[in-house]
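Novice: need coordinates for the below:
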Amino acid sequence: MPKPTTSANSLLLASQPVFDIHDDIHGVELLYRSDSGLGALDVGDEVATAEVVYHLNTAIMQRVSFSKVPTFINVSAALLLSPHFLPVSPDQVVIELVERITPDQPLIDAVRRLHAQGYRFALDDFNFTPEWTPLLALSSYLKVDISSLEASQVARHKQRLSHLDLKWIAERVETREERDTYRQMGFDLFQGYYYAQPVPVYGKKLPATTLYATQLLQALCRNEPSIDAVIALIQADPELAIKLTRIANSAYFSQHAPISSLRDVVARIGFQQLSSWAALFGLLGNASSAHAELALTRAKACELLANQEGLSGQDAYFIGLLSSAELLLGIPGEEFLTSLGLDSATMSATLRRAGVYGKVLQRIEVTEKCFAMRQWSSGSEEPRLCDLYLQAHQDALELLTTLSAAQ
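Specialist: Now for the predicted structure:
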């Protein structure tokens with residue numbers, strides 16, 4: 001796959017599918033890759049694992065086939081033994097135990113603990129040595145490098161272990177004959193160049209400010225946001241916590257009792273406005289001042305017009321702000337918005353200008369263009385909206401001043 005020409009994209013990792021006996025994709029293995037050309041052995045297993053998991057959870061990537069199938073990732077012994085392990089849910093990944101790991105008692109205990117939490121394991125490049133035997137009962141998959149063993153050897157081992165509830169994966173399948181041999185042997189899954197080579201996955205690495213704010217926005221977009229979860233996410237980013245505390249104490253909100261905790265901050269701002277602030281911080285990130293000014297003016301203009309039309313100004317502001325994602329982040333807006341888990345109405349309004357809020361956004365965008373070109377159609381509504389847009393621009397400048405003071 002050729003590397004995309006846009007400077008917004010970086011090489012994040014590579015993916016190689018795992019196929020079943022019907023040649024359908026069963027899962028995808030994610031492999032460490034970087035723009036530097038270094039491999040997992042060059043940077044070390046811990047760094048390679050951390051990079052793959054980080055990009056899997058935070059980057060805005062190309063739409064690839066691993067979005068709805070089990071994701072296989074190699075994990076180092078150090079991370080397996082860590083009390084914190086990895087920030088991935090058990091239903092999201094299959095943990096591959098690579099042959100470089102020493103299957104000693106501490107590691108077996110760690111796998112047993114994680115298995116009890118619902119994590120699935122695959123024994124990678126399995127060589128059938130006795131020290132790995134305790135891990136067989138804790139594993140869901142057994143991957144065999146067919147290039148390193150004779151088919152007759154593999155057949156004997158498979159017969160010996162037939163009592164175990166395992167899915168057998170033939171790795172490094174390069175020919176039809178090899179595929180047919182291991183199909184007849186009873187293997188369940190297949191991976192190798194015969195099916196597909198590893199494919200580079202490119203995407204956008206989000207800056208830290210955008211990442212934390214995006215995670216907060218994802219939590220707030222759920223049907224019933226948990227205040228404890230929201231507070232925990234704010235606490236995880238001290239800079240974000242300070243910004244929101246200052247905003248809660250700013251002239252933007254009428255003064256109330258003194259704030260004594262982040263719970264007070266969340267209560268004062270409220271979930272709906274907190275969503276707008278999170279989107280604001282996430283989208284502005286490293287944006288230029290001119291782009292930030294344009295995005296905020298659009299959002300404020302949508303809010304003012306919606307209020308005039310008897311609609312929710314806050315909803316219109318939110319949609320207006322989200323519509324600037326591509327301008328501010330340098331990535332396709334649909335990819336960013338999809339990662340947020342927004343409801344269908346908000347997505348449709350933002351991406352397709354559908355519904356009443358989409359029409360509000362559409363009218364403001366027309367006004368935006370006319371305002372920039374100083375061209376107004378005779379008898380149209382644009383001159384009336386010009387005053388509204390000027391007011392929105394003034395409001396946006398005041399909001400940017402508030403944000404600057406919160407730094």
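
Novice: residues making contact with stretch 120-140?
Specialist: 70, 72, 74, 90, 93-99, 103, 108, 111-112, 114-115, 141-145, 148-149, 157, 161, 164, 166-167, 169, 171 (Cβ atoms under 8 Å, 6 or more residues apart in numbering). In this view, the C-beta of every residue, glycine as well, is placed from N, C-alpha and C.

Novice: one more time with 7 Å, if that's ok
Specialist: 72, 74, 94-99, 103, 108, 111-112, 115, 141-145, 157, 161, 164, 166-167 (Cβ atoms under 7 Å, 6 or more residues apart in numbering).

Novice: just the buried ones among those residues, please.
Specialist: Those of these that meet the buried threshold are 72, 74, 94-98, 103, 111, 115, 141-145, 157, 166-167, by 16 or more other Cβ atoms under 10 Å.

Novice: helices and strands of this structure: which one bottoms out on pLDDT?
Specialist: strand 60-61 (a mean of 48; mean pLDDT, DSSP states H and E).

Novice: counting by contacts, list what the helix or strand just after that one packs against.
Specialist: The element immediately downstream of strand 60-61 (helix or strand, assigned by DSSP states H and E) is strand 71-75. The helices and strands touching strand 71-75, judged by 3 or more Cβ pairs under 7 Å, 6 or more residues apart in numbering; DSSP states H and E, are strand 25-32, helix 45-58, strand 93-97.

Novice: mean pLDDT lowest where, among the ones you listed?
Specialist: Among the helices and strands packed on strand 71-75, helix 45-58 has the lowest mean pLDDT, at a mean of 59.

Novice: for whichever strand or helix holds Y357, which positions count as buried?
Specialist: Applying DSSP H and E as the criterion places Y357 in helix 355-373. Judged by neighbour count (16+ other Cβ under 10 Å), helix 355-373 contains these buried residues: 356-358, 360-365, 367-368, 370-371.

Novice: A14 - that's part of a strand, no?
Specialist: Yes: read with DSSP: H, G, I helix; E, B strand; the rest coil, A14 is one of the residues of a strand.

Novice: relative to the whole chain's centre, how far out is the helix of greatest length in the chain?
Specialist: Longest helix of the chain, by residue count under DSSP state H: helix 382-405. Distance of helix 382-405 from the chain centroid (Cα atoms, centre = their mean, to the nearest Å) equals 32 Å.

Novice: report pLDDT for F19.
Specialist: 96.

Novice: could you find the lowest-pLDDT member of the buried residues of helix 355-373?
Specialist: Least confident entry in the buried residues of helix 355-373, by pLDDT: F371, with 75.

Novice: quick one: contacts for the spatially closest residue to that one that is not a sequence neighbour?
Specialist: Leaving aside its sequence neighbours, F371 sits nearest to Y389 (Cβ to Cβ, 6 or more residues apart in numbering; 5.4 Å). Y389 makes contact with 301, 367, 371, according to Cβ under 7 Å, 6+ apart.

Novice: how does it look with 8 Å?
Specialist: Counting by Cβ under 8 Å, 6+ apart, Y389 touches 297, 301, 364, 367-368, 371.

Novice: how does this structure divide into domains?
Specialist: 10-204, 208-405 (automatic domain parsing).

Novice: burial measure for the spatially closest residue to Y194 that is not a sequence neighbour, as a count.
Specialist: In this structure, Y194 finds its nearest non-sequential neighbour in V173, 4.7 Å apart by Cβ to Cβ, 6+ apart. Neighbour count for V173, taken as other Cβ atoms under 10 Å: 24.

Novice: noted, bye for now.
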